[in-house]
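**Q** From the sequence below, what's the structure:
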Amino acid sequence: MIKATVIDTGDIATGGCGYLLRLEDENRDVRPVYLPSAFQYNGYKVKVKINTNGEQQVCLTYPINKVYEVVEIADIRRNLD
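**A** Take a look at the predicted model:
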């Protein structure tokens, strides 16, 4: 399990990128395909197990478009540490 923090970048329809996970050990942000609503809180500390396939997605934000790796969450839990 990897320690991560949920980051709310705002609604996709209004120029945000939705919810991201900031992986603490790797110091990078990834975009989950689906984040359960129980974990959709900005700054929420979690532990996750993710699956990756190398897929990336462009987030259209002004003024710079950002590219995030898309991940599938295999397991997620609240980080109680």
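**Q** any low-confidence regions in the chain?
**A** Along the chain, the model assigns pLDDT under 70 to residues 61-63.
**Q** those strands in it, which residues are they?
**A** Secondary structure of the chain (DSSP state E): strands at 2-8, 19-23, 28-32, 45-59, 66-78.
**Q** Same list (these) but as a markdown table, adding distance to residue 38.
**A** Backbone N, C-alpha and C define where each C-beta goes, glycine included. As requested, the strands of the chain are exported to a markdown table (distance: least, C-beta to C-beta, whole Å):
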| stretch | distance to residue 38 |
| --- | --- |
| strand 2-8 | 11 |
| strand 19-23 | 12 |
| strand 28-32 | 13 |
| strand 45-59 | 10 |
| strand 66-78 | 9 |
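**Q** Can you add mean neighbour count and give those strands back as a markdown table?
**A** Putting those into a markdown table (neighbours: other C-beta atoms under 10 Å) gives the following:
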| stretch | mean neighbour count |
| --- | --- |
| strand 2-8 | 17 |
| strand 19-23 | 20 |
| strand 28-32 | 19 |
| strand 45-59 | 13 |
| strand 66-78 | 14 |
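**Q** so residue 57 touches residue 67, yeah?
**A** Yes. Taking contacts as C-beta atoms under 8 Å, residue 57 lies within contact range of residue 67: 7.2 Å.
**Q** wait, residue 24 sits on residue 3?
**A** Yes. The pair residue 24 / residue 3 is scored as a contact, 4.4 Å apart, by C-beta under 8 Å.
**Q** Give me the common contacts of the two.
**A** With contacts defined as C-beta atoms under 8 Å, 6 or more residues apart in numbering, no residue is adjacent to both residue 24 and residue 3.
**Q** Ends of stretch 14-31, what's the gap?
**A** With C-alpha to C-alpha, to the nearest Å as the measure, the first residue of stretch 14-31 is 17 Å from its last.
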